[in-house]
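Chemist: here is my input; please provide its structure:
(chains A and B)
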Number of protein chains: 2
Amino acid sequence: VTEFSASRMSACKRYVPGEQNRGRSYIRLNTNESLYSPPQSVIEAAARAAATMNFYSDPEAVKLRQAIAQYLELKPEQICTTNGSDEVLDYIFAAFADKDRPLTFPDITYSFYDNLASLYDIPCNKIKLSKDLRIQPKEYLHLNSNIVIANPNAQTGLCISNDAIAEICDTNPEHVVIIDEAYAEFERISAVPLLARHANLIIVRTFSKSRFLAGARIGYAAAGEDLIRELETVRYARNPYNVNAVAIAAGSAALAEADYYMEYWSRINKTRESFKSELRALGYEVTDSKANFVLCRHLEKDSGEMLDMLKEKGFLVRKMSGRISEYLRISIGTEEDMNALLKYM
Amino acid sequence: VTEFSASRMSACKRYVPGEQNRGRSYIRLNTNESLYSPPQSVIEAAARAAATMNFYSDPEAVKLRQAIAQYLELKPEQICTTNGSDEVLDYIFAAFADKDRPLTFPDITYSFYDNLASLYDIPCNKIKLSKDLRIQPKEYLHLNSNIVIANPNAQTGLCISNDAIAEICDTNPEHVVIIDEAYAEFERISAVPLLARHANLIIVRTFSKSRFLAGARIGYAAAGEDLIRELETVRYARNPYNVNAVAIAAGSAALAEADYYMEYWSRINKTRESFKSELRALGYEVTDSKANFVLCRHLEKDSGEMLDMLKEKGFLVRKMSGRISEYLRISIGTEEDMNALLKYM
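Modeler: Numbers count the residues shown, from 1 in each chain, chains lettered A, B, ... in the order given. So this is what the prediction gives:
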């Protein structure tokens, strides 16, 4: 905070990104990126778009929104596209939450929700996960609050059912329920079918994880047209050309490659399941993650020491903090990567 | 505004972007893009980066910030890079303005300032341009307010001097003075030398206009390290991976092509000056723009009718609104483009 700062800055919290691999070439299993490349057609579409960068990107991102709408069997007017899903979360919080419209989320989840809320003076109500790190949906009923739930949950990879989501929507009718599906596509999890019956539901997705496009920064919200119109108002007040030309091209091309992604999602899921089994055989507790990462701890091994040892061996993983500080979160790379890592676990 | 909306939404104003040329292929002279391509080396750097989009972009954008710092003879810690300069304006307003820290800007300037301010409940004090559409710097002294001035000014292309900027900084010592240099590089205008002596000065720039990279979405702020640290706090609260991998690569490559840009800036300036002369010979009033556009009106021609007629002929230009609704703003394209346009003016 400086002598020039606005009052909101005293509460503003920085998100801490995972370590980057500048210099030494690590195997990056710490930020849930894909170690598989996107399809060649996506790279080529991006390269073609790079040749027309003297023109502004389409502020309505028509091509990308149409492709997403077709994929989800929705209308383009039900889609708001953004520079990563962090940005659409920002727009949602700005549009629907304030000091009188609080936000509820699990105590262990994507830590970024807390950061964003800090900037807008939004009261946050954090509900503790159960001892086995599960969200108890019954605790989210009748809260008279906005709610954000990552499904699968960040850090744990554990899911709640669509029936539970529907009940949360129904019992908080004056607020929005945000389901962050950043990790949902690997196992074809989706609350999209609920949109037709729940006017207060907003689904958030990203191309970073399941489309292998973290560096392209593409996220979106899917919701009823009224809610999307409100997000578009924020977007036009804030950054009308928010998705760049290369991202629009890459994202559209990615959605035309269903078979490619289905194959790699199967492969990632298979690698994750066998990695979980191997870890359990080595004495680790492992959550039943449905995402492209696992969360694990070993009762006799210190997670901080493990982190340092694995880095020394060339692997970046993520050590958790707070209530789950004894856990490591490890992204699922290729089968080779995970077998190489297992030697040191 | 919906039944779910936060209170701030009732004041939220949408920016209206220039018309896009979907379908029919227009000559786009309405959004101050470049009709020249960036150098081949920039397109190639972008295409190479496209092949590694499965990894997150560097949240510190080290490569790009180092290139900008070297170009401006500053430290990387004095640079905050963003997804277009709209985003850095957003971060600046969030960091330094609130209901008790108002914002002052000219009544005719980049209309986006007003939109952003609406979202944060920032009182805006608009100072009228003089009759000849000039900023009168004396009117910006001792205001006890944050100030944002585009230099050259948006819409008019007219400039104020660095001495005037220095005096504005000195006489508003408790607030920040934002100089938006989106259009400054064509004529090598720069308030960067003032940074060493003015702790409350923030310079905003973009790669959209002078680097022919509107579609890549790259903007930045240059200021003292304390102010930049504050902007980084907002950035990490809001969108830590805000500049995508392709933009980082393209922006860094662009700054290595000084000769290319110098040559094209000379060409654009020459085209602008001869276009201004031709317009004056045709009876237009034309401001003495130093940017890559001209602002003009003809006392006997209706700007709305001109807009429609030019569109019919294949040219998109921008009709102004409000106090300057009789003016057209026309971006400078190639010499051929401007000669073709002159036939219909």
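Chemist: who touches the nearest residue to A:Ala253 once chain neighbours are set aside in this structure?
Modeler: Leaving aside its chain neighbours, A:Ala253 sits nearest to A:Ala45 (3.7 Å; criterion: C-beta to C-beta, 6 or more residues apart in numbering or on different chains). Quick note: C-beta positions are derived from backbone N, CA and C, even for glycine. Under the criterion of C-beta atoms under 8 Å, 6 or more residues apart in numbering or on different chains, the contact list for A:Ala45 reads A:249-250, A:252-253.
Chemist: pLDDT below threshold where in the stretch 1-150 of chain A?
Modeler: For the stretch 1-150 of chain A, the stretches with pLDDT under 70 are A:21-24.
Chemist: residue ranges of the helices in it, please?
Modeler: A:40-50, A:62-72, A:85-96, A:112-119 (DSSP state H, counting those that start in this stretch).
Chemist: A:Ser25 and A:Met53, how far apart?
Modeler: 29 Å (C-beta to C-beta, to the nearest Å).
Chemist: over to A:Ile127?
Modeler: 45 Å.
Chemist: what about these two, which has more around it?
Modeler: Ranked by neighbour count (other C-beta atoms under 10 Å in any protein chain shown), A:Ile127 and A:Met53 place A:Met53 first, with 32 against 17.
Chemist: distance of the more buried one from chain B?
Modeler: 4 Å (C-beta to the nearest C-beta, to the nearest Å).
Chemist: swap in A:Val88?
Modeler: A:Val88 is 10 Å from chain B, by C-beta to the nearest C-beta.
Chemist: need the contact list for that residue.
Modeler: By C-beta under 8 Å, 6+ apart, the residues touching A:Val88 are A:80-82, A:204, A:219-221, A:231.
Chemist: what does A:Ile202 give?
Modeler: Applying C-beta under 8 Å, 6+ apart, the residues near A:Ile202 are A:92, A:176-179, A:221-223, A:227.
Chemist: same check, this time on A:Gly322
Modeler: By C-beta under 8 Å, 6+ apart, the contact set of A:Gly322 is A:107-108.
Chemist: pLDDT wise, what is it at?
Modeler: At A:Gly322, the predicted lDDT confidence score is 91.
Chemist: with the one 3 residues further on instead?
Modeler: Here the pLDDT value assigned to A:Ser325 is 96.
Chemist: tell me the bridge partners for A:Cys80.
Modeler: Note on A:Cys80: beta-bridge partners by DSSP bridges are A:Ala221.
Chemist: separation between it and A:Ser210?
Modeler: Distance from A:Cys80 to A:Ser210, by C-beta to C-beta: 19 Å.
Chemist: okay, these two: which has more neighbours?
Modeler: A:Cys80 (29 against 24).
Chemist: these two touch, right, the more buried one and A:Arg235?
Modeler: Yes - look at A:Cys80 against A:Arg235 with C-beta atoms under 8 Å: they come within range, at 6.5 Å.
Chemist: what do the two both touch?
Modeler: Contacts common to A:Cys80 and A:Arg235, judged by C-beta under 8 Å, 6+ apart, are A:Tyr91.
Chemist: tell me which helix or strand the closest residue to A:Met338 other than its chain neighbours sits in.
Modeler: Among residues not flanking A:Met338 along the chain, A:Phe275 sits closest, at 4.7 Å (C-beta to C-beta, 6+ apart). Here A:Phe275, judged by DSSP states H and E, is contained in helix A:258-281.
Chemist: other SSEs contacting that helix?
Modeler: Contacts defined by 3 or more C-beta pairs under 8 Å, 6 or more residues apart in numbering or on different chains; DSSP states H and E place helix A:258-281 against strand A:284-286, strand A:293-298, helix A:335-342.
Chemist: what's next to stretch A:101-113, contact-wise?
Modeler: By C-beta under 8 Å, 6+ apart, stretch A:101-113 touches A:15, A:86, A:89, A:93, A:97, A:117, A:122-129, A:133, A:135, A:140, A:143, A:145-150, A:153-156, A:175, A:180, A:182, A:322-324, B:4, B:6.
Chemist: are any of these buried, and if so which?
Modeler: A:15, A:86, A:89, A:93, A:97, A:117, A:122, A:124, A:127, A:129, A:133, A:135, A:140, A:143, A:145-150, A:153-156, A:175, A:180, A:182, A:324, B:4, B:6 (16 or more other C-beta atoms under 10 Å in any protein chain shown).
Chemist: and those residues, which of them are in strands?
Modeler: A:124, A:127, A:146-150, A:180 (DSSP state E).
Chemist: okay, those in TSV with distance to chain B next?
Modeler: Converted to TSV, these look like this (distance: C-beta to the nearest C-beta, whole Å):
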residue	distance to chain B
A:Cys124	13
A:Ile127	21
A:Asn146	8
A:Ile147	12
A:Val148	14
A:Ile149	17
A:Ala150	17
A:Asp180	15
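Chemist: tell me which of those residues is nearest to B:Lys75?
Modeler: A:Cys124 (35.9 Å; C-beta to C-beta).
Chemist: residues contacting the closest one?
Modeler: A:102-105, A:113-114, A:117.
Chemist: quick check: closest non-adjacent residue to the residue nearest the centre of chain A.
Modeler: Centroid check for chain A by C-alpha atoms, centre = their mean gives A:Ala182 as the closest residue, at 3.2 Å. In space, and not counting its chain neighbours, A:Ala182 is closest to A:Thr206: 5.0 Å by C-beta to C-beta, 6+ apart.
Chemist: so which bits of the helix holding A:Phe275 are buried?
Modeler: Applying 16+ other C-beta under 10 Å to helix A:258-281 flags A:260-261, A:264-265, A:268-269, A:271-272, A:275-276, A:278-279 as buried.
Chemist: redo those residues as CSV? Include pLDDT.
Modeler: Listed next are the buried residues of helix A:258-281 as CSV, based on pLDDT from 0 to 100:
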residue, pLDDT
A:Tyr260, 98
A:Tyr261, 98
A:Tyr264, 98
A:Trp265, 98
A:Ile268, 98
A:Asn269, 98
A:Thr271, 98
A:Arg272, 98
A:Phe275, 98
A:Lys276, 98
A:Glu278, 98
A:Leu279, 98
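Chemist: show the contacting residues for the residue nearest to the centre of chain A.
Modeler: Going by C-beta under 8 Å, 6+ apart, the list of residues near A:Ala182 reads A:85, A:110, A:150, A:154, A:204-206, A:208-209.
Chemist: what's the answer for A:Tyr241, then?
Modeler: Counted by C-beta under 8 Å, 6+ apart, A:Tyr241 has contacts A:56-57, A:59, B:17, B:84, B:86, B:214, B:217.
Chemist: check A:Ile189 too.
Modeler: Counted by C-beta under 8 Å, 6+ apart, A:Ile189 has contacts A:151-152, A:159, A:181, A:290.
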